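Colleague: show me how the following folds:
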Amino acid sequence: MSNRERLAVTQSTFPASGNQAQPTRNIRVLGIPLDMGASRRGVDMGPSAMRVAGLEARLESLGHHVADGGNIRVEIAETLGYGDRKARYLKEIAETCTRTAESVVQTLEEGLTPLILGGDHSIAVGSISGVSEFYRRSSQKIGVLWIDAHSDINTPETSPSGNVHGMPLAALLGLGPEPLTHIFGYAPKILPENTVLIGVRDIDAAERENIRRAGLTEVYTMRDIDERGMRTVMEEALRAAGRGTAGYHVSLDMDWIDPEDAPGVGTPVRGGATYREAHLAMEIIADHGRMVSFEMVEVNPVIDEHNRTADLAVELACSAFGKKIL
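Modeller: The predicted model follows:
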């Protein structure tokens, strides 16, 4: 079965009614309870928090078919040494990402849409490697929407903290340590012309140089959103991510949203997207209909308020998968 035929299986026609105007998808939820990539602990509980917020039931209410594939196995940080200070827990994170990538490939082979729950943002090395590998087997490439307060494009040489959750985009673009860059034996996993950063507002000086080094040109800061509006930014971003690709992976870091609305995140930064801006971005993604996989990361229940951030993450997933106001 070709990738196009598999996509048709996952997006069979569903009659529009109420909030459901998108094709039905067969979705597999995969949890990656990893928090070794960050200094602040707690995002390993993010997948559970999003499940408790009713993720499966709320997606099914839109007409989708949802199966929970459980959690990818993750080592316990307290039983390990962190290794190289320039890339803490690199070995264990790379092993988790490899297992994640293999599960994502299997999910796509079965005609299902992967919905990945983090964990810290280092898991994106695994999820996007899996999507990239699946489409590479039929000589296709993918785009990526990296929706985040941070650019996550440090390497061990440039990182001020050694936290791997600040390195995944660099690794996917072929920069950084081989255990991350060469999952499945090739690099890069994605091309700069189809990789779009949206809503960034906290970028290290060294990351600015890495952005230039990687050849990224589609970078939309919060100032761009302020000045030009979310619709204009998203329409341009989707064109870039979709140009010549099989579709795009959406990597949503919940710290993209202002802490007023999303207080329970790994690394909060003031001045993020508002509640409605975030929903609009997801609704536009749904309207275009070319999303092939989706992930939400950095939900930290330890510092959240009554599971508000996890609940918002589930709301945004519903918007990305087709929920509408009317």
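Colleague: verify the stated contact: L316 with E295.
Modeller: No - L316 is not in contact with E295 according to C-beta atoms under 8 Å; the separation is 11.6 Å. Where you see a C-beta, it was placed from the backbone N, CA and C, and this is true even at glycine.
Colleague: tell me, how many residues neighbour M50?
Modeller: 28 (other C-beta atoms under 10 Å).
Colleague: residues contacting it?
Modeller: Shown in contact with M50 (C-beta atoms under 8 Å, 6 or more residues apart in numbering): L117, M296, V299, A310, A313, V314.
Colleague: would a markdown table of the residues you listed with pLDDT and distance to S151 be doable?
Modeller: Formatted as a markdown table, the contacts of M50 follow (pLDDT from 0 to 100; distance: C-beta to C-beta, whole Å):
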| residue | pLDDT | distance to S151 |
| --- | --- | --- |
| L117 | 98 | 22 |
| M296 | 98 | 18 |
| V299 | 98 | 20 |
| A310 | 98 | 24 |
| A313 | 98 | 21 |
| V314 | 98 | 26 |
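Colleague: inside helices: which ones of the residues you listed?
Modeller: Judged by DSSP state H, helices contain the following of the contacts of M50: A310, A313, V314.
Colleague: can you name the residues that contact the first one?
Modeller: Right, the one you point to is A310. G46, A49, M50, V52, A53, G264, V299, P301, D304.
Colleague: rerun that using 7 Å as the cut-off
Modeller: Listed by C-beta atoms under 7 Å, 6 or more residues apart in numbering, the contact partners of A310 are A49, M50, V52, A53, V299, P301, D304.
Colleague: how many neighbours does the third one have?
Modeller: For V52, the tally of surrounding residues (other C-beta under 10 Å) stands at 14.
Colleague: ok, P259 next?
Modeller: By the measure other C-beta under 10 Å, the count of residues near P259 is 16.
Colleague: how about A171?
Modeller: Using other C-beta under 10 Å, A171 is surrounded by 31 other residues.
Colleague: for the stretch 201-326 of the chain, which segments count as helices?
Modeller: Ranges of helices in the stretch 201-326 of the chain, per DSSP state H, counting those that start in this stretch, are 205-214, 222-228, 230-242, 275-288, 308-320.
Colleague: please work out which of these is packed deepest.
Modeller: Ranked by mean neighbour count under mean count of other C-beta atoms under 10 Å, these are led by helix 308-320, which reaches a mean of 24.
Colleague: gap between that helix and the chain center?
Modeller: Put simply, helix 308-320 sits 13 Å off its chain's centre (C-alpha atoms, centre = their mean, to the nearest Å).
Colleague: by how many degrees do it and helix 275-288 diverge?
Modeller: When axes from the mean of the first three to the mean of the last three C-alpha atoms, to 10 degrees is applied, the directions of helix 308-320 and helix 275-288 differ by 30 degrees.
Colleague: got the CA positions of helix 308-320 in PDB?
Modeller: What follows is helix 308-320 as a C-alpha-only set of coordinates in PDB (Å, rounded to 0.1, in the frame of the first residue of the first chain):
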ATOM      1  CA  ARG A 308      -5.100  24.200  33.300                       C
ATOM      2  CA  THR A 309      -2.200  23.700  31.000                       C
ATOM      3  CA  ALA A 310      -2.900  20.100  30.200                       C
ATOM      4  CA  ASP A 311      -6.600  21.000  29.600                       C
ATOM      5  CA  LEU A 312      -5.600  23.800  27.200                       C
ATOM      6  CA  ALA A 313      -3.200  21.400  25.400                       C
ATOM      7  CA  VAL A 314      -6.100  19.000  24.800                       C
ATOM      8  CA  GLU A 315      -8.300  21.900  23.600                       C
ATOM      9  CA  LEU A 316      -5.600  22.900  21.100                       C
ATOM     10  CA  ALA A 317      -5.300  19.300  19.900                       C
ATOM     11  CA  CYS A 318      -9.000  19.200  19.300                       C
ATOM     12  CA  SER A 319      -8.700  22.500  17.200                       C
ATOM     13  CA  ALA A 320      -5.800  21.000  15.200                       C
END
